[in-house]
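*Asks:* What would the 3D arrangement of this be:
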Amino acid sequence: MNYSAKRQAMAGFTLIELMISLVLGLLISAAVMQVYLINTRTITVQQSASEVQDSSIFAMQSIEEHVRLANLGNPINYITDSTDHGGIVLAQANLGNANSTDVKYFTIDA
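*Replies:* Just a heads-up that it's a prediction; the model follows:
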């Protein structure tokens, strides 16, 4: 085997080819990292929105339960501002004379 044939068999990449492949690899890596970061932010936002929605559903169920129990025990099926212990509708007439609730908490001003 002569020297030129041996040299061709051992030939590798040139410096320019290595530099081009390095730049292409870095560009691909940067694109992959950018996609990963965007997906991470999107997942965080979606999880936060899901937690807010879950909290609001829980709160609405709790409020619904309290509202349904507000008029429990009254013999009538409707309430007005003159119904004694009328639950949700608050006015001086249904809180009684001994109560000193501030007027700003009333539903209907007396």
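
*Asks:* In three-state terms, label Ser100 for me.
*Replies:* At Ser100 the chain is in coil, as set by DSSP: H, G, I helix; E, B strand; the rest coil.

*Asks:* That one: what's it in contact with?
*Replies:* Residues near Ser100 by CB atoms under 8 Å, 6 or more residues apart in numbering: none. (C-beta placed from N, C-alpha, C; glycine too.)

*Asks:* That one and Glu51, how far apart?
*Replies:* Note on Ser100: its distance to Glu51, by CB to CB, to the nearest Å, is 41 Å.

*Asks:* what's the neighbour count on Ile16?
*Replies:* 8 (other CB atoms under 10 Å).

*Asks:* meant to ask about Ala59, not that
*Replies:* 10.

*Asks:* Which helix or strand contains it?
*Replies:* helix 15-69 (DSSP states H and E).

*Asks:* What mean pLDDT does that helix get?
*Replies:* What helix 15-69 shows for mean pLDDT is 92.

*Asks:* That one - contacts with which helices or strands?
*Replies:* Of the remaining helices and strands, none touches helix 15-69 by 3 or more CB pairs under 8 Å, 6 or more residues apart in numbering; DSSP states H and E.
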